[in-house]
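A.B. asks: Fold the stuff below for me.
(4 chains)
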Protein chains: 2
Amino acid sequence: MVEVLRPIGAIARALDSIANYEFKDLALAKGQYLYLVRIVEQPGITQTELINLLKVDRSTAARALRKLETQGFITRVLDSANEKNKRLFSTNKGKELYTTIRRENDYSNQTALTNFSSQEAQLLATLLARVEDNISADWSYVKKGNKREY
Amino acid sequence: MVEVLRPIGAIARALDSIANYEFKDLALAKGQYLYLVRIVEQPGITQTELINLLKVDRSTAARALRKLETQGFITRVLDSANEKNKRLFSTNKGKELYTTIRRENDYSNQTALTNFSSQEAQLLATLLARVEDNISADWSYVKKGNKREY
DNA sequence: CCCTTTTTGTTGTAAATGCAACATAAAAAT
DNA sequence: ATTTTTATGTTGCATTTACAACAAAAAGGG
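C.D. replies: Below you'll find the model as predicted:
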């Protein structure tokens, strides 16, 4: 079977490092933009839901989110219906950054898709969604401390 | 234009964290497997060439490679034709890990491509190669300290 | 040939990262 | 109803990560 993981890793690293660099003016540290955009888009999302969306480590996310809260970009409120969950909301200050972040992300996305017809871009998106779906279970499984057998 | 960067990021993070977890038995720290496989496959590759292949930060790579050398997995030799370059070679000890790393990477790749026909997999690989090509210049540009205008 | 710029690699420093171990709430089992 | 297990989130600690600033070699310009 042909190899697809290497380019995926290289593309992700390249664009993440560009994004982090370009967001330093916004007082956003490494990784923070990832969380913030999603919280603006999905107000009230729980920490765990966000973690599963982004596929990041629990403890890393906890600290990044606490920092976003300290900086006044988001609030974290205990879910009264389930005291285990923290629901995340962006502040006005957080929402202000959203446009800037999206503009950068969209530009990178456009650059990535240079010379792609919209059909090709759509096809790529569909294939990637299938890949993401295929690996999700393994990620959860390993993150729970289990060992894959192969 | 449809969004492709988010799934790429999520897939990369998920599989990278799985790999790092599964390589702890091999005494390989976070990220090290990336460098080692490439050095085994391309003996004599320079540090900069490797950095451009993987799209990692220079200083991070320097430290990861020094550690691989200290652990006895690779050697770094000054290129006599160009004293600025360090050429990288794997030791026997390093080569021994290669099979194990590849077995894991191949398994993850297979998992990622579950329910893909070989035509679909091939298509995905082609599209990803184009994306990687599209973003490479921006990555180099920004890493050199330049600012993208958009 | 000399001077300037670029390239390659390292190190200081501050911060993010992630595994373990923990605490607490909720869910499941008996 | 009580006990056990699972889910959610935090913290300690050791490590990786990456921007700056640097050093030295090579390349380019005059």
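A.B. asks: A:G31 versus A:R13, what's the distance?
C.D. replies: Per CB to CB, to the nearest Å, A:R13 is found 13 Å from A:G31. Glycine gets a C-beta too; all of them are placed from N, C-alpha and C.
A.B. asks: Sorry, slip of the keys, the one I care about is A:N146.
C.D. replies: Separation of A:N146 from A:G31 (CB to CB): 26 Å.
A.B. asks: Show me what counts as buried in the longest strand belonging to chain A.
C.D. replies: Using DSSP state E to define each element, chain A has its longest strand at strand A:82-90. When neighbours are counted by 16 or more other CB atoms under 10 Å in any protein chain shown, the buried residues of strand A:82-90 are found to be A:86-88, A:90.
A.B. asks: sorry, back to before: between A:N146 and A:G31, which one's more packed in?
C.D. replies: Taking neighbours as other CB atoms under 10 Å in any protein chain shown, A:N146 and A:G31 compare with A:G31 leading, 19 against 10.
A.B. asks: Now do the contacts for the more buried one.
C.D. replies: A:G31 makes contacts with A:20, A:56, A:60, A:64, as judged by CB atoms under 8 Å, 6 or more residues apart in numbering or on different chains.
A.B. asks: Stretch A:36-56: how far from the chain's middle?
C.D. replies: Mean C-alpha position of stretch A:36-56 versus that of the full chain (CA atoms, centre = their mean, to the nearest Å) differs by 7 Å.
A.B. asks: picking up where we left off before, can you confirm whether the longest strand of chain A lies near DNA strand D?
C.D. replies: Yes - Strand A:82-90 reaches DNA strand D (CB under 7 Å from any atom of the strand) through A:84-86.
A.B. asks: and the residues you listed as TSV, adding distance to chain B?
C.D. replies: Below are these laid out as TSV (distance: CB to the nearest CB, whole Å):
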residue	distance to chain B
A:K84	24
A:N85	22
A:K86	21
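A.B. asks: Pick the one among those residues closest to A:N52.
C.D. replies: Distance to A:N52, by CB to CB, is smallest for A:N85 among those, at 13.1 Å.
A.B. asks: Now do the phi/psi pair for the residue nearest to that closest one when sequence neighbours are not counted.
C.D. replies: Excluding its sequence neighbours, the residue lying closest to A:N85 (CB to CB, 6 or more residues apart in numbering or on different chains) is A:D79, at 4.1 Å. Main-chain torsions, A:D79, degrees, to the nearest 10: phi -70, psi 120.
A.B. asks: wait, A:D79 sits on A:R87?
C.D. replies: Yes - here A:D79 reaches A:R87: they are 5.2 Å apart, a contact under CB atoms under 8 Å.
A.B. asks: so what sits against both of the two?
C.D. replies: Shared contacts of A:D79 and A:R87, defined by CB under 8 Å, 6+ apart, comprise A:T46.
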